[in-house]
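Enquirer: Compute the structure for the input listed below.
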Amino acid sequence: GPPAPKGGQSNQKWDEMLACLEAFIGTKTADERARRGGGPLPPHWSWDGNVPTNYKTEDGRALGRWINNQRSAKNKNVLRPEREERLVRTGLKWCVLATNTWEDMMGELRLYVAERTGDGGSWDGNVPTNYKIKSNVGPDGAEMDEEKNLGRWINRQRSLFQAGKMKRERQLELESLGLKWSVLSTSTWESMFDALLLYARRRRGPDGREPWDGSVPANYKTDDGKSLGRWVNRQRAAHARKKLKKEFVDRLGAIGFRLQCQEKRGGGGRLAAVHGPAGGGVAPFVGVASLSDTDVDELMEEEDFGVAAQAQAAHAQAAHAQAAHAQA
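Expert: Numbers count the residues shown, from 1 in each chain. Sure thing, here's the model as predicted:
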C-alpha cells in the first residue's frame, strides 16, 4: 500500500510513547500498593509526576528522554494543545528538578547504605555533604547534574524535618534506613570521639607519659581523612553555646580534652575550661572567631546557622580591623 503520511507516523510514535508512560505509571502504582501491603491506595496518593531521565522501557525505548523532550516542547510553546492535555491527564509534572525526585534519591540512599553495611559493617546515619553519586559523575570527574548530590539532598531533608515541614511517611521511610536527623548525632560523634582517643594516645607516647595539651590542630585530619581538628572546634563552639550534651562534655573531660573558650575582655581574659584528670598545658580556643571559612561553609551545610552567623560576623569584624590597621 502507499506509505503512511509522515505526520501519521509521528502521531503513532507519540501515542506509543504515551502508552509506555501509562504503563510506567501503572507499574509505579502497583509497586506502591505492594509496598503498603496490597490494599487500596489512599485517595491523596499519586505518582510523583516524573520519569528519571535515563529510564528505558524493557524493549529499550528512552521514555525518560522522551518526557524531557515533551517538557522542553512545552517550554518553547510548541507542544500541541491536545498532546499537552493528554500528558496533564496522566499527572505529569512540567517543572521537576528532573532527576531529583524523592524516589530517585531514596534509591541512591539505599545503595549508599547497602555499600556501607555490606560486610557486616554499620552505617553512621549520615552522608558527607560532598559525596558524589557514582552514576552521576561524568568521565571528567564532574557531576552531570548538580541537583543530584546525595549529601546536599540529605541536608535539605534535615532542614525540612527540623522546620516541621516533612511529610510523616517520608520521615518514617528515612528513619527506617537509619538516618540521623542531627549531624552531631551520637553515631557520627562516637566515630570522631574514637579518632580523638587515638590521637590522644599517640600524643602521650607508647608508655603514656608524654604530655598532651588537650587540643588538636585545627587543620588536623586522621589517616582515613576525617577532619578531626574541625570536629573538635565544633564541639567547643557547641559547648560555648551550651548546646553540647552533658554526657559528651563529661566524656571529653575524662580523656583530658580541653573544652575551654577564651574571650578577650579589655586587658584580661576569662578562661572557662573543662579540666579532665589528665594534666597538660592549655591550648586556648578563641570562640567562634577561630572557625575557618571552610568550617562556616560546613556549618551552613549542616544547617547550624547560629554558629555560622556568629563566625561570619567575627570574620567580618577581623577583616574590618585589619583594613583599619593597614590604613593607620
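
Enquirer: Could you pull out the buried residues of stretch 103-110?
Expert: Neighbour-count burial for stretch 103-110 flags 104-106, 108-109 (criterion: 16 or more other Cβ atoms under 10 Å). C-beta coordinates here come from the backbone N, C-alpha and C atoms, glycine included.

Enquirer: any idea which of those residues is the one closest to residue 172?
Expert: The closest of the buried residues of stretch 103-110 to residue 172 turns out to be residue 106 (Cβ to Cβ; 12.1 Å).

Enquirer: What lies in contact with the helix or strand harbouring that closest one?
Expert: Taking DSSP states H and E as the criterion, residue 106 maps to helix 102-117. Identification of contacts with helix 102-117 by Cβ atoms under 8 Å, 6 or more residues apart in numbering yields 48, 52, 122-124, 127, 131, 133, 148, 150, 153-154, 170, 173-174, 177-179.

Enquirer: Helices - which of these land there?
Expert: Counted as lying in helices by DSSP state H, out of the contacts of helix 102-117, are 150, 153-154, 170, 173-174, 177.

Enquirer: Please indicate which of the residues you listed are buried?
Expert: The buried subset of the ones in helices among the contacts of helix 102-117 - by 16+ other Cβ under 10 Å - is 150, 153-154, 174.

Enquirer: Quick check: phi and psi at residue 41.
Expert: Dihedral pair for residue 41: phi -80, psi 150, per degrees, to the nearest 10.

Enquirer: my guess is it meets residue 34, correct?
Expert: No: contact criterion Cβ atoms under 8 Å: residue 41 and residue 34 do not qualify, at 10.7 Å.

Enquirer: So between those two, which is more surrounded?
Expert: The neighbour comparison of residue 41 against residue 34 (other Cβ atoms under 10 Å) goes to residue 41, with 12 against 9.

Enquirer: quick one on the thing from earlier: let me have the buried residues of stretch 103-110 in CSV, extended by pLDDT and distance to residue 200.
Expert: Compiled in CSV, the buried residues of stretch 103-110 are given as follows (pLDDT from 0 to 100; distance: Cβ to Cβ, whole Å):
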residue, pLDDT, distance to residue 200
104, 79, 43
105, 85, 39
106, 89, 39
108, 87, 37
109, 92, 34
